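A.B. asks: sequence-free structure coming up:
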């Protein structure tokens, strides 16, 4: 009986050691500990709101000065990778991101999946930088079949309405980020194009907005 007990004990110890060895071996293969990976994720996520907050502060001041909607605005950061969310509904009251989406840029001229080219010229099929007033709601043949007219407020986007640059959605744009994979070109002829789900939220908010909403595209 004593011999069997010792044998069982040895087998138990061997199994435990084997499990620990396999666990450590799998952990080493990743090259990054869970703690390190978590830290890197926090850094990458926390850096984004700081940049947005600076633009949001300027947007808030602009909206107050020009009698625009002071509940929220739309911010589009085309300096970000197109596989990351770069369309943001910024909540002025909560000082935070209310909704966000991937956003396609125009495919015209020398635009690539990584680097958008900007233009205010008709027929360029490029995105235009600057502040916009979000106009009336209308029918779209894309996405959720809703678009909002955009009126350019600066020299860099003054032809937006004439170019039929509008805010709309498109079914192929995913709800989740695709980074490091870029969004393909061809989804936009200059319009800020977002996911269907985000557009539903935008549409709901816009239908009850009492004042014009600011949309700001920057790079």
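C.D. replies: On my side now, so go ahead. Computed from a predicted model, the values in this text were never measured in an experiment.
A.B. asks: C-alpha only now, for contacts and for neighbours.
C.D. replies: Noted.
A.B. asks: which outside residues touch the one helix or strand residue 151 maps to?
C.D. replies: Secondary-structure assignment from DSSP states H and E places residue 151 in strand 146-152. Here strand 146-152 makes contact (CA atoms under 8 Å, 6 or more residues apart in numbering) with 130-140, 158-161, 164-169, 203.
A.B. asks: please redo it, this time with the cut-off set to 7 Å
C.D. replies: The contact list for strand 146-152 (CA atoms under 7 Å, 6 or more residues apart in numbering) reads 131-140, 158-161, 165-168.
A.B. asks: cool, stretch 184-203 as well?
C.D. replies: 99-108, 113, 125-128, 143-144, 165-171, 173-175.
A.B. asks: go again using 8 Å as the cut-off
C.D. replies: Residues from elsewhere that reach stretch 184-203 (CA under 8 Å, 6+ apart): 87, 89, 99-108, 112-113, 125-128, 143-144, 146, 165-175.
A.B. asks: returning to that earlier point: show the average pLDDT along the strand holding residue 151.
C.D. replies: Taken as a whole, strand 146-152 carries a mean pLDDT of 98.
A.B. asks: How about stretch 93-105?
C.D. replies: 95.
A.B. asks: residues contacting the residue nearest the centre of the chain?
C.D. replies: For the chain, residue 85 is the residue whose C-alpha lies nearest the centre (CA atoms, centre = their mean; 1.5 Å). Contacts here follow CA under 8 Å, 6+ apart; on that basis residue 85 touches 100, 101, 102, 103, 177.
A.B. asks: which of those has the most neighbours?
C.D. replies: residue 103 (29 neighbours; other CA atoms under 10 Å).
A.B. asks: now that one, nearest residue through space, not along the chain?
C.D. replies: Once flanking residues are discounted, residue 103 sits nearest to residue 194: 4.8 Å by CA to CA, 6 or more residues apart in numbering.
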